[in-house]
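1. No sequence on hand, only this structure:
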């Protein structure tokens with residue numbers, strides 16, 4: 001009889017970010033961060049992925065010159081921006097630069113007046129990927145992917161309509 005208990009390995013934020021990159025397999029990756037994002041750099045080196053990095057407190061000017069990319073990672077950036085500017089940055093990335101985005105956010109690193117509410121990322125269509133807490137530090141990872149943002153609803157078909165013969169004929 002085997003008495004060994006299988007224990008689940010504790011996933012680190014770096015492993016989670018690498019797993020997200022593995023699942024999307026981007027050919028081009030944009031990082032917006034005040035500091036380098038080593039996970040992104042290593043992943044791009046190992047997977048023949050073009051890495052574009054913006055390391056500015058105000059990244060909007062540099063974003064004007066950036067073309068469309070497969071994925072964007074925002075880390076160590078939103079903590080130093082107002083909520084309004086952070087929303088503008090994520091919205092700009094989501095709407096103009098990429099269909100997939102990851103935001104890494106450390107709420108305790110941000111000054112109290114700049115902290116995002118938990119639902120701030122959810123309001124932008126992001127999905128919570130993980131919450132990590134260790135030694136008094138917290139880190140949250142959120143992702144956005146246009147392909148699974150608006151899931152197909154089972155009820156949204158002619159079978160559930162009052163007049164199924166009108167399905168697809170009229171737009172209002």
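-> Alright, I've got the coordinates. What you are looking at is a predicted structure, and each value in this text was computed from that prediction instead of being measured.
2. Could you tell me the phi and psi values at the closest residue to residue 110 other than its chain neighbours?
-> Distances taken as CB to CB, 6 or more residues apart in numbering place residue 79 nearest to residue 110, at 3.9 Å, with adjacent residues excluded. No exception for glycine: its C-beta is placed from N, CA and C like everyone else's. With angles defined as degrees, to the nearest 10, residue 79 sits at phi -70, psi -20.
3. how about residue 79, what does it touch?
-> 105, 106, 107, 109, 110, 114 (CB atoms under 8 Å, 6 or more residues apart in numbering).
4. Dump the residues you listed to CSV, plus distance to residue 57.
-> Below are those laid out as CSV (distance: CB to CB, whole Å):
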residue, distance to residue 57
105, 16
106, 16
107, 19
109, 14
110, 14
114, 13
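5. Doesn't residue 87 lie inside a helix?
-> Yes - assigned with DSSP: H, G, I helix; E, B strand; the rest coil, residue 87 falls within a helix.
6. Can you tell me the closest non-neighbouring residue to it?
-> Going by CB to CB, 6+ apart, residue 87 has residue 124 as its nearest residue, at 6.7 Å.
7. again, but for residue 120
-> In space, residue 120 is closest to residue 83, 6.6 Å off (CB to CB, 6+ apart).
8. Tell me how many other residues crowd the one you found.
-> 15 (other CB atoms under 10 Å).
9. quick one, phi/psi of it?
-> phi -60, psi -40.
10. And the pLDDT for it?
-> Residue 83 carries a pLDDT value of 89.
11. if I look at it, how far off is residue 121?
-> Counting by CB to CB, to the nearest Å, the gap from residue 83 to residue 121 is 11 Å.
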